[in-house]
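Novice: sequence plus the predicted model coming up.
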Amino acid sequence: MTAVVVGASSGLGRVIATELAQRGHALLLVASDARDIEAVGADLRIRYGSTVRTLALDLAREADPGARVAAALDGLPPLESLLLPAGVSRPDDDLGLDASRIGELLAINLHAPLAIVHGLLPRLRETRGVVVVFSSIAAVRGRSRNVVYSAAKRGIESLAESLRHRYTPAELRVQVYRLGFLATNLTHGLDLPTAAAPPAAIARIVVGRLQRGSGLWYLPLRFALIAAAVRLLPWPLFRRMRT
């Protein structure tokens with residue numbers, strides 16, 4: 001069976017691809033930079049003898065990423081898993097962003113995942129496959145920072161809920177992860193309120209659950225308590241927080 005990993009050249013996506021290769025999955029790896037993703041694919045072929053195909057795709061500018069990914073699957077074993085860890089945020093993502101930057105953030109974090117899911121749904125339903133989407137602790141409540149990013153992540157959660165509403169687990173499984181801080185390039189050098197988790201540990205959990213049914217989980221688990229506390233804060237108090 002084949003797994004597609006979108007955003008596989010760095011961060012969580014790269015370690016998920018490595019974990020899948022170790023477990024014998026055929027892979028289609030998608031990322032924006034051709035040189036980077038080809039290097040990742042070559043490394044996994046050499047180390048694990050994996051069947052790996054790569055696709056360079058600029059999610060910020062590709063009009064129909066779903067069709068491109070679907071075409072790249074031709075000739076590979078049947079598709080069983082679609083994992084969408086691709087995402088990007090900006091330090092200036094507040095209410096002052098211009099339209100072009102808003103468009104790029106939404107394209108990468110929302111439009112591309114939506115389009116890819118819809119483009120691959122027929123193949124995934126044939127195998128009773130699994131869609132794995134990655135949200136964020138940033139989507140729990142409205143924010144004064146990361147405004148576009150958090151809005152896109154709420155949209156991703158709505159997509160997952162819609163899929164679960166339309167399809168039974170016997171037709172399609174949908175798994176959602178609300179992620180806290182991970183030790184990736186997105187958090188490097190930032191003053192974080194809690195320690196960043198190693199992506200490899202998160203990848204092992206995600207890949208280990210692929211055969212399970214639909215569900216929503218926080219990773220690291222402690223962020224479930226943090227999210228619950230944030231939701232319970234009275235609005236006047238929450239509004240005073242710098243989030």
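Specialist: Everything's here; your move. Note that this is a predicted model, so its numbers are computed, not measured.
Novice: alpha carbons only for contacts and neighbour counts from here, please
Specialist: Fine.
Novice: pull the contacting residues for the residue most central in space within the chain.
Specialist: Geometric centre of the chain, nearest residue: residue 85, 2.2 Å, by CA atoms, centre = their mean. The contact partners of residue 85, by CA atoms under 8 Å, 6 or more residues apart in numbering, come to 5, 6, 7, 8, 12, 13, 133, 134.
Novice: low-confidence stretches in the protein?
Specialist: 183-196, 242-243 (pLDDT under 70).
Novice: list the buried ones in the helix ranked longest in it?
Specialist: Of all the segments of type helix in the chain, defined by DSSP state H, the longest one is helix 147-166. For helix 147-166, a neighbour-count test (16 or more other CA atoms under 10 Å) marks 147-157, 159-160, 163-164 as buried.
Novice: that older thread, next one: the residue nearest to the centre of the chain from residue 228, what distance?
Specialist: 24 Å (CA to CA, to the nearest Å).
Novice: which strands and helices sit next to the helix or strand hosting residue 35?
Specialist: With secondary structure defined by DSSP states H and E, residue 35 is part of helix 34-48. Counting contacts by 3 or more CA pairs under 8 Å, 6 or more residues apart in numbering; DSSP states H and E, the secondary-structure elements packed against helix 34-48 are helix 11-22, strand 26-31, strand 52-56.
Novice: tell me the strands beside the shortest one, with direction?
Specialist: Spelled out, that is strand 52-56. Partner strands and pairing direction for strand 52-56 (DSSP bridges) are strand 26-31 (parallel).
Novice: can you pull out the strands in this structure?
Specialist: With DSSP state E as the criterion, the chain has strands at 2-6, 26-31, 52-56, 79-84, 130-136, 173-179, 215-219.
Novice: which pair in the buried residues of helix 147-166 spans the largest distance?
Specialist: Farthest-apart pair in the buried residues of helix 147-166 is 147 and 164; separation 26.2 Å (CA to CA).
Novice: ok, residue 42 - contacts?
Specialist: residue 52.
Novice: swap in 10 Å and give it another go.
Specialist: Residues near residue 42 by CA atoms under 10 Å, 6 or more residues apart in numbering: 49, 50, 51, 52, 53, 54.
Novice: before we move on, the earlier item: flag every buried residue along the helix holding residue 35.
Specialist: 37, 38, 40, 41, 42, 44.
Novice: check stretch 220-234 too.
Specialist: 220, 223, 224, 227.
Novice: tell me the spacing between the second one and residue 28.
Specialist: To tie it back to what came earlier, the one meant is residue 223. Taken as CA to CA, the span from residue 223 to residue 28 is 31 Å.
Novice: now do the third one
Specialist: For residue 224, the distance to residue 28 (CA to CA) stands at 32 Å.
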